[in-house]
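Novice: sequence unavailable; structure follows:
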C-alpha cells in the first residue's frame, strides 16, 4: 500500500500553531514554565484541543518555543546581514540574543527537569547561535568596523554573564546597554595596525 504524499498544514492550522507558540513564549516568560496550558490556549485564541493536537505534552510545547527562538535568531542573522551595515547587523542581532537568553532562562530548567538532563535541543541550538554570531563578526571584521582579534564567543559570554548574575527584573535593559558598550569597545583602535 502506498502512503499518500504528506501535505503541508493548512494556513489556518499554521497560524494556530504560530499563535500558540507566541502565547506560550509570553506566558512562560511572564509566569514560568508551569503556566496553565489551558490559559495559553485561551491567550492564543484556540481551544485546548487545538493546543494539545499540536503539542501533546508540556515538554513538546517548551521545546517548540525554544526551537522557534533559535530559528528566529538564525533567520535574523541572515536578514540583518542583507539589510544593515555590518556593525549595525551585529548590534541588532545581539539585542535579539538578549531576548533569547531571557526565554532560555525560563525554558531551560523546565526542559532539563522534564527530560531528566541535558537535552539535544540545546546542543542543536548552540551550533545555530555560534554560526550566526561567527558570521556577523566575520562580516564586521572584513568591513573594518570591528577589530580583527575579536572572538565572537567573548560577546556571547559577556551577555550571558550579565543574565547569570542578574538579581533584578530589569537585567535585560542592562544587557542591552552592554551591547552598545561591547560594540563600541570592539571598534578598531585608532593608530593600531
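Specialist: Received, thanks. Since the structure is predicted, the reported quantities are computational estimates derived from the model, not experimental observations.
Novice: CA only for contacts and neighbour counts going forward, please
Specialist: Fine.
Novice: tell me how many other residues surround residue 175.
Specialist: Per other CA atoms under 10 Å, the neighbour tally for residue 175 reads 23.
Novice: with residue 130 instead?
Specialist: Using other CA under 10 Å, the number of residues around residue 130 comes to 14.
Novice: which residues does it contact?
Specialist: Residue 130 sits next to residue 153 when contact means CA atoms under 8 Å, 6 or more residues apart in numbering.
Novice: so it is in which element?
Specialist: According to DSSP states H and E, residue 130 maps onto helix 120-142.
Novice: how far away from the center of its chain is that helix?
Specialist: Counting by CA atoms, centre = their mean, to the nearest Å, helix 120-142 is centred 12 Å from the centre of its parent chain.
Novice: give me the next element, helix or strand, following it.
Specialist: Downstream of helix 120-142, the next assigned helix or strand under DSSP H and E is helix 152-165.
Novice: quick one, that following helix and helix 120-142 angle?
Specialist: Inter-element angle recorded for helix 152-165 and helix 120-142: 130 degrees (by axes from the mean of the first three to the mean of the last three CA atoms, to 10 degrees).
Novice: what comes up buried for helix 152-165?
Specialist: Residues 152, 155, 156, 159, 160, 162, 163 are the ones in helix 152-165 that count as buried (16 or more other CA atoms under 10 Å).
Novice: same thing with stretch 29-46?
Specialist: By neighbour count with 16+ other CA under 10 Å, stretch 29-46 contains the buried residues 29, 32, 33, 37, 40, 41, 43, 44, 46.
Novice: now do that stretch, average pLDDT.
Specialist: In this model, stretch 29-46 has an average pLDDT of 89.
Novice: and stretch 183-193, by the same measure?
Specialist: Stretch 183-193 shows a mean pLDDT of 77.
Novice: list the contacts of it.
Specialist: 87, 91, 144, 145, 146, 147, 148, 150.
Novice: please apply the same query to stretch 81-96.
Specialist: Contacts of stretch 81-96 (CA under 8 Å, 6+ apart): 73, 76-77, 80, 133, 136-137, 139-140, 143, 145-146, 176, 179-180, 183.
Novice: what mean pLDDT does it have?
Specialist: 95.
Novice: list the buried residues in it.
Specialist: Residues of stretch 81-96 classed as buried: 81, 86, 87, 88, 89, 90, 91, 93, 94, 95, 96 (neighbour count, 16+ other CA under 10 Å).
Novice: give the rounded mean pLDDT of stretch 135-149.
Specialist: Averaged across stretch 135-149, the pLDDT comes to 95.
Novice: what do you get for stretch 158-168?
Specialist: 75.
Novice: distance between that stretch and the chain's centre?
Specialist: On the basis of CA atoms, centre = their mean, stretch 158-168 sits 16 Å off its chain's mean C-alpha point.
Novice: again, but for stretch 44-53
Specialist: Offset of stretch 44-53 from its chain centre (CA atoms, centre = their mean): 24 Å.
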